[in-house]
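Q: The following comprises the amino acid sequence and a computationally predicted model.
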Amino acid sequence: AQKVTQAQTEISVVEKEDVTLDCVYETRDTTYYLFWYKQPPSGELVFLIRRNSFDEQNEISGRYSWNFQKSTSSFNFTITASQVVDSAVYFCALSEARGGAHSDEKLTFGTGTRLTIIP
Amino acid sequence: DAGVIQSPRHEVTEMGQEVTLRCKPISGHDYLFWYRQTMMRGLELLIYFNNNVPIDDSGMPEDRFSAKMPNASFSTLKIQPSEPRDSAVYFCASSPRDRGKLFFGSGTQLSVL
């Protein structure tokens, strides 16, 4: 069975500091997708990134970067030079591609990390 | 473009009452999902549809919960009878068949007293 663990329940950092959110996953599939979603105070979840299991290249998007390591089953998310607008709950998620025709749409979410950026 | 629209935003009801949550997905999206978020259990997938057909309802907690999608632009999640343990935020999301890239609504905060 698939599982996503976000061990950090809450993190607080001072504005402009870098912060890394950890995500560890479990799956028996060789083909799977990993995601990060952001839940700002307004409530709706917003898609940030998707990686497939065959692409371990790290990705950078502005102040955001993601480090995917299959050897440790981790998909960590780093925010560089954090800003108050980054305050939110961040969810890591996993879907498996070989559970049926629609299985890659079925996401299992971690419990989330609440990130607070202190001005 | 309008996003996923959920109504009501807040619902307060008494135990035993019927509750109906509504969702309008983004036009053109052929997947629709219902999630429930609680502090204890996090985000749980209740049920999802493809082209109005339920694909997987294994997350529906019990027979008190039912979901329908009569057409491509509307879905309901019904709880009858409601219980205090059903108190949660219920999210609807839709997807254009893009491997897990979901678009979420703002959620319905349900409180069952």
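A: Noted; the coordinates are in hand. Residues are numbered from 1 along each chain as shown, chains lettered A, B, ... in the order given.
Q: Packing partners of whichever helix or strand residue A:117 is part of?
A: Per DSSP states H and E, residue A:117 falls inside strand A:113-118. On a contact count with 3 or more Cβ pairs under 8 Å, 6 or more residues apart in numbering or on different chains; DSSP states H and E, strand A:113-118 meets strand A:10-14, strand A:19-21, strand A:88-96. Backbone N, C-alpha and C define where each C-beta goes, glycine included.
Q: Beyond the second one, next helix or strand please.
A: Think strand A:19-21. Following strand A:19-21 in sequence order, the next helix or strand is strand A:24-26 (DSSP H and E).
Q: Show me what that following strand is packed up against.
A: When contacts are defined as 3+ Cβ pairs under 8 Å, 6+ apart, strand A:24-26 packs onto strand A:3-5, strand A:74-79.
Q: What residues sit buried inside whichever helix or strand comes after that strand?
A: Toward the C-terminus, strand A:24-26 is succeeded by strand A:32-39 as the next helix or strand (DSSP H and E). Buried residues in strand A:32-39, counted by 16 or more other Cβ atoms under 10 Å in any protein chain shown: A:32, A:33, A:34, A:35, A:36, A:37, A:38, A:39.
Q: Next: stretch A:58-65.
A: Buried residues in stretch A:58-65, counted by 16+ other Cβ under 10 Å: A:64, A:65.
Q: send the alpha carbons of that stretch over as CSV?
A: What follows is stretch A:58-65, C-alpha atoms only, in CSV (Å, rounded to 0.1, in the frame of the first residue of the first chain):
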residue,chain,number,x,y,z
ASN,A,58,16.0,18.2,-9.3
GLU,A,59,13.8,21.1,-10.2
ILE,A,60,14.0,24.8,-9.5
SER,A,61,11.2,27.3,-10.0
GLY,A,62,12.1,30.7,-8.7
ARG,A,63,12.6,30.5,-4.9
TYR,A,64,11.2,26.9,-4.9
SER,A,65,13.3,23.8,-5.5
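Q: on that earlier part again, what about chain B: which of the buried residues of strand A:32-39 touch it?
A: A:33, A:35, A:37 (Cβ under 8 Å from any Cβ of the partner chain).
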